[in-house]
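> turn this into a model:
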Amino acid sequence: MKNFKWDKKYLYWGVTAFCVVVASIAFFWMLNSWSGIKKVLDLIIGALMPVLYGFLIAYLLNKILVVFETRVFDRVFRKLQNRPLAHKLSRAVSITVTLLLALGLIAGLLIIVLPELYNSVTTIVTNSPEYFDVAMKWVENIFDGYDLEPVAARWLQTISEKLVDWLENNVLPRMSTLITSITGGVISVVMTIVDLFIGIVISVYLMYNKEVFCAQAKKLTYSLLRTKTANALMREIDFINDAFGNYIVGTLIDALIVGILNYAFMTIMGMPYSGLVTVIVAITNLIPVFGPFIGAVPSAFLILLENPTQSLIFLIFTVVLQQVDGQILKPRIHASRTGLSGFWIMFAILFFGGLFGIVGMVIGVPVTTVLYSLIRRLNRRHLRRRGLPEDTAAYCDMKAIDPETKTVIPRDTPPESPAEPVRGPKKGEKKGESRPEGSPEEGESRPGESPEEPGESPEDRGEK
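A predicted model of the protein is given here:
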């Protein structure tokens, strides 16, 4: 026991194995207890929802706040001799103007949408008999010459019987549940409004003291991590913030421009429901690729009820506008492209849309862009450390990589003969130079030297 010594290598392996076992047990326990964990998570998220709303509002409004503060109100209050007081006044006025601008924009949209929505529903209900007569005439013209009256009568009688049976056996017994659901929905809407109001208050605190909160987060990060790791984490967070923030702000600006162009065109052409359709087009334009088509279908249907010709003109204009937006507006608004191919954009929209709905479709592309960029940079860093090619084109027609020179061997390279393997000159030996007598053959080692594996470079041995 006196000669017992700790072996750090085996201690490291033991601790690693223990951590893997604990993590596996915790993972399987989470799978078996997922319903209970989900309830706890929902409870925690529900309690923190006002704070989450506050962070989201502060993050979205921060860039507008910076513009007002640095370019407008800092210059206004620059004449004050007390610099801290000038900074506080500039920050407070900038936050007030930013919130008023955001609330005014939302109120303006509601003022446009709600009357248009009311008029649209009223018009559809008022003109429904006319629409029904037009549909009946269309059906009669299609089936002219066929004796379909008995079939239609039986069909209508069957539908009416099933409708009465459904109302008596399903709807009436569940009226209490339906009323409870409606009441719960109203309460949920009221609670969401309350959470949003509290979130606005929290966002004011976050925007006013954003430097303090960022400094505290950095202080905690450097206290828990090594300096090199913390520096790398700070760089990645800055990159994520720039990529995500610029994408969202650029997308909002693009949606606003598309909405203005759409409203101007519909007003000039005298199309109905211009305000409602414009809001639908602008909001759905936030969704890449599929958004314009999602907004065009109900909009064209609304116009179709009033004027089929104008509906066709609107569809043609929507196609042209989306081409202009995709080829001219978006590349100029976004300083840099996402770097994603069409496949990854569709994958991001479908995947995140399936998980989080409309919100997932909106944030799917920037999130995937950030993850794609991080993985690409990590991959290039590892390739650079190993001396391997970083360009993707180098791997397109690749057969293998030479372990000594780290160069790519093309696919059309003829195979080496197994009887007489082609070997390059050894290190320190020129091409065509013969080996002196008494030197060890290949595969043999000199006295006092450890044998090397064939084809193994010092770089590979260092990695092992």
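
> now the strands for the chain?
In the chain, the segments counted as strands under DSSP state E are 398-401, 408-410.

> next, format those as JSON lines and append distance to F317, mean pLDDT and mean neighbour count.
For the C-beta atoms, the positions are set from N, CA and C on the backbone; glycine is no exception. As requested, those are exported to JSON lines (distance: least, Cβ to Cβ, whole Å; pLDDT from 0 to 100; neighbours: other Cβ atoms under 10 Å):
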{"stretch": "strand 398-401", "distance to F317": "48", "mean pLDDT": "80", "mean neighbour count": "13"}
{"stretch": "strand 408-410", "distance to F317": "51", "mean pLDDT": "79", "mean neighbour count": "13"}
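
> quick one: N307 from I95, how far?
46 Å (Cβ to Cβ, to the nearest Å).

> of the strands of the chain, which is nearest A230?
strand 398-401 (34.9 Å; Cβ to Cβ).

> export that closest one as PDB, just CAs?
Below are the C-alpha coordinates for strand 398-401, written out as PDB (Å, rounded to 0.1, in the frame of the first residue of the first chain):
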ATOM      1  CA  MET A 398     -12.300  12.400 -54.200                       C
ATOM      2  CA  LYS A 399     -11.100   8.800 -53.900                       C
ATOM      3  CA  ALA A 400      -9.000   9.200 -50.800                       C
ATOM      4  CA  ILE A 401      -6.600  11.500 -49.000                       C
END
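
> name the helices or strands packed onto that strand?
strand 408-410 (3 or more Cβ pairs under 8 Å, 6 or more residues apart in numbering; DSSP states H and E).

> quick one: strands adjacent to the strand it packs on?
strand 398-401 (antiparallel) (DSSP bridges).

> so which residues make contact with the partner strand?
Residues outside strand 398-401 that contact it (Cβ atoms under 8 Å, 6 or more residues apart in numbering) are 388, 407-413.

> just how off-centre is it within its chain?
With Cα atoms, centre = their mean, to the nearest Å as the basis, strand 398-401 stands 35 Å off its chain's centre.

> ok, the closest residue to E69 other than its chain neighbours to F68 distance?
Nearest non-adjacent residue to E69, counting by Cβ to Cβ, 6 or more residues apart in numbering: S94, 4.1 Å away. Separation of S94 from F68 (Cβ to Cβ): 4 Å.

> next one: V365
28 Å.

> who's more crowded, these two?
Ranked by neighbour count (other Cβ atoms under 10 Å), V365 and F68 place V365 first, with 23 against 19.

> for the more buried one, give its distance to L286.
Distance from V365 to L286, by Cβ to Cβ: 10 Å.

> so how far is stretch 50-59 off the chain centroid?
On Cα atoms, centre = their mean, the centre of stretch 50-59 falls 18 Å from that of its chain.

> equivalent analysis for stretch 370-388, please.
21 Å.

> next, the buried residues of that stretch.
370, 372-373 (16 or more other Cβ atoms under 10 Å).

> in the stretch 201-350 of the chain, which spans are helices?
210-224, 227-269, 274-284, 291-306, 308-324, 330-333, 342-356 (DSSP state H, counting those that start in this stretch).

> contacts only, for the residue nearest to E69.
65, 68-69, 72-73.

> just those now: which is nearest N209?
Comparing every one of those with N209 (Cβ to Cβ), the shortest separation belongs to L65, at 12.6 Å.

> measure the closest one to A86 for me?
Applying Cβ to Cβ to L65 and A86 gives a distance of 16 Å.

> also I200?
26 Å.

> report pLDDT for the most centrally placed residue in the chain.
Centroid-nearest residue in the chain: G364, 2.2 Å away (criterion: Cα atoms, centre = their mean). Looking at G364, its pLDDT is 81.

> residues in contact with it?
348-349, 351-353.

> and which of those is nearest T392?
Nearest to T392, judged by Cβ to Cβ, of the contacts of G364 is A348 at 20.0 Å.

> hmm, Y372 and that closest one touching each other?
No - using Cβ atoms under 8 Å, A348 is not in contact with Y372, being 9.1 Å away.

> so V277 sits against I303, correct?
Yes - applying Cβ under 8 Å, one finds V277 in contact with I303, separated by 7.2 Å.

> need the overlap of contacts for those two.
Shared contacts of V277 and I303 (Cβ under 8 Å, 6+ apart): 271, 314.

> more neighbours, N307 and I95?
I95 (20 against 14).

> so for the more buried one, what's the nearest residue that isn't a sequence neighbour?
Using Cβ to Cβ, 6+ apart, the nearest residue to I95 is M207, at 5.3 Å.

> circling back to that earlier point, make TSV out of the buried residues of stretch 370-388 and add pLDDT and distance to I112.
Formatted as TSV, these follow (pLDDT from 0 to 100; distance: Cβ to Cβ, whole Å):
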residue	pLDDT	distance to I112
V370	82	34
Y372	84	38
S373	82	38
